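# Could you look at this predicted model? Sequence included:
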Amino acid sequence: MKTILIVEDHELNLKLMQEILRGQGYQTLSARSGEECMAFLETVVPDLILMDIHMPGISGIETLILLKKKLAFANTPVIAVTASVMPSDKLSTLEAGFDAFIDKPIDIDTFLTTVEKHLNLSK
């Protein structure tokens, strides 16, 4: 069973992603901030990480930079999930090193297709 870490500070968005992913047979873990994500990753190596960009404390982009410095996560796909949908926001997110970008509000089909594609690439 694949494990997906969801880094999201908004309760409804977190629950929605958990329900969608669990319904597809994935195990989900959650962190509410970049700091909590980094602490969590001291003990767990998920197959994929879904990360909000705008969170309290360190941002999703700052968290990604810290994460990619750790060798254990060099090949872990990290997907940005954000309401920042301007083309310049999407470009800067991908330039920061995210493997993909999912818009909020979440389109379930696009969400699952993107997750499945990146889980298959990480094998």
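Received the coordinates, thanks. Numbering: from 1, shown residues only.
# OK, contacts around the residue nearest to the spatial centre of the chain?
Nearest to the mean C-alpha position of the chain, counting by Cα atoms, centre = their mean, stands Leu50 at 1.2 Å. Shown in contact with Leu50 (Cβ atoms under 8 Å, 6 or more residues apart in numbering): 4-8, 17, 79, 81, 102, 115. To be clear about C-beta, it is placed using only N, CA and C from the backbone, and glycine gets the same treatment.
# which SS state does it fall under?
strand (DSSP: H, G, I helix; E, B strand; the rest coil).
# same question, Ser84
Strictly by three-state DSSP, Ser84 counts as coil.
# Which residue, other than its chain neighbours, is closest to it?
Closest residue to Ser84 apart from its sequence neighbours, by Cβ to Cβ, 6 or more residues apart in numbering: Ile53 at 6.0 Å.
# where exactly do the helices run in this protein?
Along the chain, the stretches classed as helices by DSSP state H are 11-23, 34-40, 60-68, 87-95, 108-121.
# Where does the prediction get shaky in the chain?
Residue ranges of the chain with pLDDT under 70: 85, 121-123.
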